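Undergrad: Attaching a predicted model along with its sequence, questions to come.
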Amino acid sequence: MQRRTKIVATLGPSTDDPKMLDKIIEAGVDVVRVNFSHGTPEEHKERAEKIRNRARAHGRQIGVLCDLQGPKIRIEKFKNKKVYLEEGATFILDTQLDANAGDETRVGVAYKQLPDDVKRGDTLLLDDGRVLLWVNDVNTNEVICRVMLSGELSDRKGINKQGGGLSAPALTDKDRNDIKTAAEIQADYLAVSFVRTAEDVNEARKLLRDAGGHGAIVAKIERSECLEVIDSIIEASDVIMIARGDLGVEIGDAALPPVQKDLIRRAREMNRVVITATQMMESMITSHIPTRAEVFDVANAVLDGTDAVMLSAETASGKYPDKVIAAMDRIALEAEKQRQVTKSDHRINTSFSRIDEAIAMAAMYTANHLGVKAIASLTESGATALWMSRISSGIPIYALTSHVETRRKVTLYRGVYPVSFEPTTKDHVEVNREAVEELLRRGAVRDGDLVILTKGDLMGVMGGSNAMKIIRVGEHTPE
């Protein structure tokens, strides 16, 4: 049984050793995340090159996702690195204070527009809600607060406004430069942080294309206000990432589970890919086994239909990068055995405007009702494989393509596996035969199995899938 749910792992100091890269590849990583919040462009390029080199050595395709930092809505630093704020005390966020002069009474703020975005009565959450501040007064450069929830506060912690409303643009000057780095890396995916509207997604896509990049765009859902226009954001994106850290702080932790379920459902219904992220296996930063709560968290995301589950510090700086991926692998595999993961009535009453999309839906309906062993999608762009992967099924979908960019892109699609395929002829009978032989060679099928093949009459044309074949392995291959 092949795992259908994909695993995204963040690269960092813990994965820099080539031996560890080999271990995480063997453990089953599908896509790596390069976090532009840390490190230099040179380090990012080196990490992307190293993982691709090691993946080739293992005969694997591994996608690369570059994640933009986004606006730094953070406090500055303290004289003594950290302070303890007592409940009831006055604490001031001062946009004009020296960046290293913070103490128990006030601290600087990297986000200079903060006084314009808040008013008396607002609640600010610092360090993912570990410290709670009530805004008592605001002047030109100060936000004067009362501490409502005491706690320790250290340098450079994040600021969230309960209910959202901080107006920082999604793309900063640093992000614009980092997009050029992502283009040089030839990133398969570019993640945009703190997306507010579809325009943020469109702008990032244009900047990436102008820089020569061809990657798909990931909208990170982490602001509460973006939920009000979520359908337009999903439509503008190729992928959404449910970034549960900041999102949970802004909307409240109790509201997060139903929102996550709704976002997964919406993305799949709109034929988009969805990643579930943040704190999925956080205890494994220092432990070699997950907590039971983490096991349930990962399994529930899989049962809900997420395309991928993501690891952050667990692999970037944790002690056991390979073990956490292996744990995620076995949890996902077990969850995928449940009937609800392999049956679907998705879009059963929907009309289709594109021929290739209709072919994809027909193939999945047939596969789920005919006992098909495997689906081979001969694809240029990967679109047909993506549409098929929106249907819940236990049947593997093999994306057979000669384009390395397409093979890397489909590494994120649930239940889709990239296959390098270069037909030796344009004769349709021979192409069908070679495709089935490739599945036989991989051990995906054997004589007597039923296979569905989708392809276009004009091979090499993007969006040209217009044919579906049902083939019994070992029998005469039809045209």
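TA: Cool, got the structure.
Undergrad: Do you have the helices of the stretch 351-479 of the chain handy? List them.
TA: Using DSSP state H, counting those that start in this stretch, the helices of the stretch 351-479 of the chain run over residues 355-370, 383-389, 404-409, 428-441.
Undergrad: immediately after the helix or strand harbouring residue 21, which helix or strand?
TA: Per DSSP states H and E: residue 21 is located in helix 18-27. Moving toward the C-terminus from helix 18-27, the next helix or strand (DSSP H and E) is strand 31-35.
Undergrad: Kindly provide the distance from the nearest residue to residue 333 once chain neighbours are set aside to residue 329.
TA: Spatial nearest neighbour of residue 333, chain neighbours left out: residue 3 (5.1 Å); criterion: CB to CB, 6 or more residues apart in numbering. The C-beta positions use only the backbone N, C-alpha and C, and glycine is treated the same way. Plainly put, residue 3 is 6 Å away from residue 329 if you go by CB to CB, to the nearest Å.
Undergrad: same question, residue 208
TA: From residue 208 to residue 329 the distance is 31 Å (CB to CB).
Undergrad: The two: which is more packed in?
TA: When residue 208 and residue 329 are compared for neighbours, residue 208 comes out ahead with 22 against 16, by other CB atoms under 10 Å.
Undergrad: Do me a favour and average the pLDDT over whichever strand or helix holds that one.
TA: Residue 208 is part of helix 198-210 when elements are defined by DSSP H and E. In this model, helix 198-210 has an average pLDDT of 98.
Undergrad: which other residues reach it?
TA: Defining contact as CB atoms under 8 Å, 6 or more residues apart in numbering, one finds that helix 198-210 is touched by 68, 169-171, 175-176, 179, 182-183, 190, 192, 195, 214-215, 217, 219, 229, 232-233, 235-237.
Undergrad: Just give the closest residue to residue 20, not the sequence neighbours.
TA: Distance criterion CB to CB, 6+ apart; nearest residue to residue 20, sequence neighbours excluded, is residue 321 at 6.0 Å.
Undergrad: next one: residue 337
TA: Nearest non-adjacent residue to residue 337 (CB to CB, 6+ apart): residue 1, at 7.7 Å.
Undergrad: same question, residue 57
TA: residue 22 (7.9 Å).
Undergrad: Look up how far residue 181 lies from the one you found.
TA: 25 Å.
Undergrad: what about these two, which has more around it?
TA: For residue 22 versus residue 181, neighbours defined as other CB under 10 Å are more numerous around residue 181 (20 against 15).
Undergrad: Ranking helices and strands of the protein by mean pLDDT, which lands last?
TA: One helix or strand of the chain scores below all others by mean pLDDT, DSSP states H and E: helix 339-342, with a mean of 66.
Undergrad: Isn't the residue nearest to residue 57 up against residue 54?
TA: Yes: assessed by CB atoms under 8 Å, residue 22 is found in contact with residue 54 at 5.9 Å.
Undergrad: Run through this structure and note the low-pLDDT ranges.
TA: 340-352, 457-464, 476-479 (pLDDT under 70).
Undergrad: Could you list the domains of it?
TA: 6-70+169-337, 82-161, 355-472 (automatic domain parsing).
Undergrad: In TSV: these, plus distance to residue 76.
TA: Output for the domains of the chain, formatted as TSV (distance: least, CB to CB, whole Å):
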stretch	distance to residue 76
domain 6-70+169-337	16
domain 82-161	3
domain 355-472	36
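Undergrad: Neighbouring strands - and their directions - for the following helix or strand past the helix holding residue 208?
TA: Next in sequence after helix 198-210, counting helices and strands by DSSP H and E, comes strand 216-221. According to DSSP bridges, strand 216-221 forms sheet pairs with strand 189-192 (parallel), strand 239-243 (parallel).
Undergrad: okay, those strands, which one's buried deepest?
TA: strand 189-192 (a mean of 28; mean count of other CB atoms under 10 Å).
Undergrad: anything in contact with each of residue 3 and residue 329?
TA: By CB under 8 Å, 6+ apart, the residues touching both residue 3 and residue 329 are residue 28.
Undergrad: any idea which element residue 235 lies in?
TA: helix 230-236.
Undergrad: which outside residues touch that helix?
TA: By CB under 8 Å, 6+ apart, the list of residues contacting helix 230-236 reads 195, 197-198, 201-202, 217, 219, 221, 226, 240, 263, 266-267, 270, 272.
Undergrad: Not counting residues beside it along the chain, what's closest to residue 122?
TA: residue 135 is the one closest to residue 122 (CB to CB, 6+ apart), at 4.4 Å.
Undergrad: Checking the one you found next. Helix, strand or coil?
TA: Judged by DSSP: H, G, I helix; E, B strand; the rest coil, the three-state class of residue 135 is strand.
Undergrad: Pull up the distance across stretch 76-91, start to finish.
TA: End-to-end distance for stretch 76-91: 14 Å, by CA to CA, to the nearest Å.
Undergrad: do the same with stretch 65-74
TA: Using CA to CA, first and last residues of stretch 65-74 are 24 Å apart.
Undergrad: who touches residue 225 in this structure?
TA: Neighbour list for residue 225: 164, 165, 196 [criterion: CB under 8 Å, 6+ apart].
Undergrad: Which ChimeraX command selects the buried ones in those residues?
TA: For the buried members of the contacts of residue 225, the matching ChimeraX selection, counting by 16 or more other CB atoms under 10 Å, is:
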select :164,196
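Undergrad: need the contacts of residue 225 in TSV with distance to residue 355, can you?
TA: Formatted as TSV, the contacts of residue 225 follow (distance: CB to CB, whole Å):
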residue	distance to residue 355
164	41
165	45
196	36
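Undergrad: Just the contacts of residue 225: which are in strands?
TA: Among those, no residue falls in strands (DSSP state E).
Undergrad: Surely residue 389 and residue 412 touch.
TA: No: using CB under 8 Å, residue 389 makes no contact with residue 412, being 9.8 Å away.
Undergrad: Find residues that contact each of these two.
TA: In contact with both residue 389 and residue 412: residue 307, using CB under 8 Å, 6+ apart.
Undergrad: Tell me who's in contact with residue 377.
TA: By CB under 8 Å, 6+ apart, the neighbours of residue 377 are 360, 363, 384, 385, 388, 397, 398, 399, 400, 454, 455, 465.
Undergrad: what's the answer for residue 255, then?
TA: So residue 255 contacts nothing (CB under 8 Å, 6+ apart).
Undergrad: That one should be in a helix, yeah?
TA: Yes: read with three-state DSSP, residue 255 is one of the residues of a helix.
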